[in-house]
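S.K.: Mind looking at a prediction? Sequence and model below.
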Amino acid sequence: MQVDEDKLAAYFADEPSDAPFSHLDRTRLPRHVSIIMDGNGRWAQAQGLSRSEGHKAGIVALREIITASVRLGIDVLSAYAFSTENWNRPAHEVNVLMHLFAKTFIDELPLLKRENVRVVFLGDIEALPKKTREVFEYGVEACKDHTGMVLALAVNYGARAELTRACRLLAQDVAAGRVDPAAIDERAISSRLYTAGLPDPELVIRTSGELRLSNYLLWQVAYAEFYVTDTYWPDFNRWDYVRALLSFEGRDRRFGGLSKK
Ligand code: FPP
């Protein structure tokens, strides 16, 4: 069985309904939602499909959550697409993913333009295959004046590599006399991360039931709320998203202080 691309396109040509959003209190939504999109491979295996088909289905799910986030007025949506550890996958799968990233990004540019979405990449995209890197750079440039939601795609991203890079940048600034070591504060570190200028995630969603962070945004999620669902990423839809957001809205966020309730 293959994913029927025409059928999928026809289905998504009809914008999915905004009905689920009526359950949410818009004043209590997180500003930044971050998603660890996991389970494409297992989803595919469960249906007798190739892992590549799982990744393609994952892209359809990502598109639905992007448009849902725009409708809801979320400021930043970030998503973990490829980690520094994912290079350890078989070369064929890495190639498929790199090709898919480039193709998806080109295909989705009209959507990003229509929805006024600005795109940033988190991670070392210099190290990506030339074509993928060039498409990403082109897309970032094409969307740079958009004033709506920020879509932050983590590609060739690892939190330890990001923190190491921030330390290196800071050390260079100290060595050059631009920064006084005694003046180094949390802001000095935050401003040297790939997420510089973005608010920290308030809600991290992980699909497919794994209870780990997988080297993702270790610094930025210090006070994030976590939501884990057993649903595989390709099956995650706006109803699942609303469930995660409702869970967030019900949390008592104390930030180490006492409850205000
Ligand atoms: C995890 O599933 C998912 C990925 C490694 C890739 C996800 C990427 C997308 C959905 C597209 C992103 C689009 C752009 C333009 C960057 P897995 O393979 O780890 O699943 P498994 O744990 O079941 O094997």
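M.R.: Cool, got the structure.
S.K.: all contacts plus neighbour counts: C-alpha atoms, from now on.
M.R.: OK.
S.K.: Relative to Arg31, how far out is Trp239?
M.R.: 19 Å (C-alpha to C-alpha, to the nearest Å).
S.K.: Pick out whichever of those two has more residues nearby.
M.R.: Arg31 (17 against 14; other C-alpha atoms under 10 Å).
S.K.: Could you list which residues are in contact with that one?
M.R.: For Arg31, the contact set (C-alpha atoms under 8 Å, 6 or more residues apart in numbering) comprises 74-76, 199, 201-202.
S.K.: Mind checking which of those residues are in strands?
M.R.: Among those, DSSP state E puts Val76 in strands.
S.K.: Mind putting the contacts of Arg31 into TSV with pLDDT and neighbour count?
M.R.: As requested, the contacts of Arg31 are exported to TSV (pLDDT from 0 to 100; neighbours: other C-alpha atoms under 10 Å):
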residue	pLDDT	neighbour count
Ile74	98	19
Asp75	98	19
Val76	98	25
Pro199	98	12
Pro201	98	22
Glu202	98	20
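S.K.: Check the offset of the host helix or strand of Val140 from the chain's centre.
M.R.: Element membership of Val140 [criterion: DSSP states H and E] is helix 130-142. Its chain's C-alpha centre and that of helix 130-142 lie 17 Å apart, by C-alpha atoms, centre = their mean, to the nearest Å.
S.K.: What strands line up against the helix or strand just after that helix, and which way round?
M.R.: Reading on from helix 130-142 to the C-terminus, the next helix or strand found by DSSP H and E is strand 150-157. According to DSSP bridges, strand 150-157 forms sheet pairs with strand 76-83 (parallel), strand 118-122 (parallel).
S.K.: and of those strands, who's closest to Cys143?
M.R.: Closest to Cys143 of the strands paired with strand 150-157, according to C-alpha to C-alpha: strand 118-122, at 5.1 Å.
S.K.: where along this protein do the strands fall?
M.R.: Remark: strands assigned in the chain by DSSP E are 32-36, 76-83, 118-122, 150-157, 203-206, 225-228.
S.K.: From Leu122, how far off is the closest residue to the ligand within the stretch 151-261 of the chain?
M.R.: Proximity of the stretch 151-261 of the chain to the ligand (C-alpha to the nearest ligand atom) peaks at Leu153, 5.8 Å away. Distance, Leu153 to Leu122, by C-alpha to C-alpha: 6 Å.
S.K.: And these two? Which one has more around it.
M.R.: Higher neighbour count among Leu153 and Leu122: Leu122, with 24 against 20, using other C-alpha under 10 Å.
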